[in-house]
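> coordinates only, no sequence provided:
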């Protein structure tokens, strides 16, 4: 499969639609202007730059208008007092629904590269890696990147830590690293319900590890004793 190439919508997001609308308006005005001049006075070389200028002015005005409306919408829905806008990644979701998981992951990776401080695409990509590709190692790497991000929120900290602990206890089979993450959560979220839950999980996990360690020690002692008896 050839590598996925990010589209205009991958790179510009919702602004891509404004760009295409502006381009379409400019081309339409160019065509109408040149056509009107041709029908009235016939062809002259200067009709093309005149049409291009008219198209550029119309397109520029359309772009300005769309940006002004978009800015006002952003101010109300994102910067204002209403519910903040949450990026949905609908393009990547549509790729997954089409069965194009690799393309969706490639798009997420392109966003991650272009936006080093973004948390949301890393979480989305990590969940997709572990759920669809069983690439739990890459998922853990992305979750760790999120935990190092200076823009992470308290809720994201709790969620990502728990998901990372799940991976360490489960498919990655590295419970001692899960202990480290639980301790970190307790230290970074003191006095919260999340910290109390992490403290209980930490105690349970440590008890489980001690039990498993004791069972291994007894098994090794039994194996050693059996070899000794055989040698006798």
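Yes, it's here. As the structure is a computational prediction, the values presented were derived from the model and not from experiment.

> output the below-cut-off pLDDT ranges for the chain.
For the chain, residues meeting the criterion pLDDT under 70 lie at 1-35, 37-38, 40, 44-47, 50-51, 54-86, 212-232.

> which residues in it form helices?
8-12, 15-41, 47-74, 90-97, 101-114, 120-128, 136-148, 154-169, 175-188, 193-231 (DSSP state H).

> what's the domain layout of the protein?
Domain assignment for the chain by automatic domain parsing gives 8-64, 96-231.

> so residue 198 touches residue 157, yeah?
No - with contact defined as Cβ atoms under 8 Å, residue 198 does not count as touching residue 157 (10.8 Å). (C-beta placed from N, C-alpha, C; glycine too.)

> tell me which of these two has more neighbours.
For residue 198 versus residue 157, neighbours defined as other Cβ atoms under 10 Å are more numerous around residue 198 (24 against 19).

> the more buried one: what's it in contact with?
Counting by Cβ atoms under 8 Å, 6 or more residues apart in numbering, residue 198 touches 161, 182, 185, 186, 189.

> and if you look at residue 156?
Counting by Cβ under 8 Å, 6+ apart, residue 156 touches 119, 123, 146.

> okay, now the last one: neighbour count?
Each residue near residue 146 was counted by other Cβ under 10 Å, and the total is 24.

> for it, what are its contacts?
By Cβ under 8 Å, 6+ apart, the contact set of residue 146 is 119, 122, 123, 126, 152, 156, 160.

> at 10 Å what do you get?
Counting by Cβ atoms under 10 Å, 6 or more residues apart in numbering, residue 146 makes contact with 118-123, 126, 152, 156-157, 159-161, 163-164.

> just the buried ones from those?
119, 121-123, 126, 152, 156-157, 159-161, 163-164 (16 or more other Cβ atoms under 10 Å).

> any idea which of the residues you listed is the one closest to residue 92?
Set against residue 92, the nearest of these by Cβ to Cβ is residue 121 (8.4 Å).

> and the gap between the closest one and residue 115?
Residue 121 sits 7 Å away from residue 115, going by Cβ to Cβ, to the nearest Å.

> what touches both of the two?
Counting by Cβ under 10 Å, 6+ apart, residue 121 and residue 115 have no contacts in common.

> so how far is residue 126 from the nearest residue to residue 208 once chain neighbours are set aside?
Once flanking residues are discounted, residue 208 sits nearest to residue 175: 7.7 Å by Cβ to Cβ, 6 or more residues apart in numbering. If you measure residue 175 against residue 126 using Cβ to Cβ, the figure is 19 Å.

> repeat for residue 187
In this structure, residue 187 and residue 126 are 23 Å apart, going by Cβ to Cβ.

> what's the answer for residue 163, then?
Using Cβ to Cβ, we find residue 163 at a distance of 7 Å from residue 126.

> which neighbours do these two share?
Common contacts of residue 163 and residue 126 (Cβ under 10 Å, 6+ apart): 139, 140, 143, 146.

> dump those into JSON lines; add distance to residue 39 as well.
Shown next, in JSON lines, are the shared contacts of residue 163 and residue 126 (distance: Cβ to Cβ, whole Å):
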{"residue": "139", "distance to residue 39": "63"}
{"residue": "140", "distance to residue 39": "67"}
{"residue": "143", "distance to residue 39": "64"}
{"residue": "146", "distance to residue 39": "61"}
